[in-house]
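[1] what follows is a predicted protein model with its sequence.
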Amino acid sequence: MIDHYVATRDHIFICKLLFIPVAGCMIVKKITISFEKGGSFAAELFEETSPETCQVFWNYLPIEGKPLHMRWAGRGLWLPLADFPKPYPPRENQLSIVGEGYLMFRVDWTGGHQNPTPGIALFYGPEIPRNLGGIMGVRLNWIGRIRENLDELVQVGERIYYEGREKITLKKL
């Protein structure tokens, strides 16, 4: 008998497998998020609640880029993904209030946003996301979460805020 700990959102389920499939139990896909000047974090993806977004995102990995600090939206980093494959994933598992370590996917689903480029947002503090014009109530697909080393994540976010952009790498774990 093998114990598998499967995390989904804020709950942990324990599945005991006897080498046969058990309904409702899945292995969680994880990624690493590493920063050029220090800081590496593991994030789990929420395939159960954001299946289409997570699948397209997973297939798109690895990603490298230099995120912008989202001063307009608070404590977060924004990594535009100009060549993200179309069609874009649908709205799923959307939030308009985010927390520390939340990994979000954003695209202009309505066609009315001033920045239609899809991207990934990584928040290092609780926020109410806003668009570039400061309008609150933006809804983002919640695709994953960093659960450990959140104090270090805050330090990385503040470093980018004060010192400027640096390379970030997201890859499969």
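    Looks like it arrived, so ask away. Numbers count the residues shown, from 1 in each chain.

[2] burial count for Asn149?
    Burial measure for Asn149: 15 neighbouring residues, criterion other Cβ atoms under 10 Å. C-beta here means a position set from N, CA and C on the backbone, and glycine is covered the same way.

[3] please name the nearest non-neighbouring residue to it.
    Among residues not flanking Asn149 along the chain, Phe41 sits closest, at 6.0 Å (Cβ to Cβ, 6 or more residues apart in numbering).

[4] bridged to the one you found, which residues?
    Ile33 (DSSP bridges).

[5] so what's it up against?
    Counting by Cβ atoms under 8 Å, 6 or more residues apart in numbering, Phe41 touches 32-34, 101, 146, 148-149, 152-153.

[6] and the end-to-end length of stretch 122-130?
    For stretch 122-130, the separation between the terminal residues is 14 Å (Cα to Cα, to the nearest Å).

[7] nearest residue to the middle of this structure?
    With distances taken as Cα atoms, centre = their mean, the residue of the chain nearest its centroid is Leu103 (1.9 Å).

[8] of all the residues in the longest helix anywhere in the chain, which ones are buried?
    Identified as the longest helix of the chain according to DSSP state H is helix 150-163. By 16 or more other Cβ atoms under 10 Å, the buried positions in helix 150-163 come out as 152-153, 156-157, 159-160.

[9] before we move on, the earlier item: partner strands of the host helix or strand of the residue nearest to the centre of the chain and their direction?
    Element membership for Leu103 (DSSP states H and E) is strand 102-106. For strand 102-106, the paired strands and their directions (DSSP bridges) are strand 119-123 (antiparallel), strand 140-146 (antiparallel).

[10] list the buried residues of the first one.
    Right, strand 119-123. 119-123.

[11] before we move on, what about stretch 54-63?
    Neighbour count says stretch 54-63 has 54, 56-57, 63 buried, by 16+ other Cβ under 10 Å.

[12] can you add distance to Arg71, pLDDT and secondary structure and give those residues back as CSV?
    CSV is the format used below for those (distance: Cβ to Cβ, whole Å; pLDDT from 0 to 100; DSSP: H, G, I helix; E, B strand; the rest coil):
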residue, distance to Arg71, pLDDT, secondary structure
Cys54, 28, 96, helix
Val56, 28, 94, helix
Phe57, 25, 95, helix
Ile63, 22, 97, strand
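
[13] biggest separation within these, which pair?
    Taking Cβ to Cβ, the two most distant members of the buried residues of stretch 54-63 are Cys54 and Ile63; they sit 13.9 Å apart.

[14] go through stretch 90-105 and flag the buried ones.
    Neighbour counts using 16+ other Cβ under 10 Å place 91-94, 98, 100-105 of stretch 90-105 among the buried residues.

[15] brain fart, stretch 64-84
    Buried residues in stretch 64-84 (16+ other Cβ under 10 Å): 65, 67-70, 73-81, 84.
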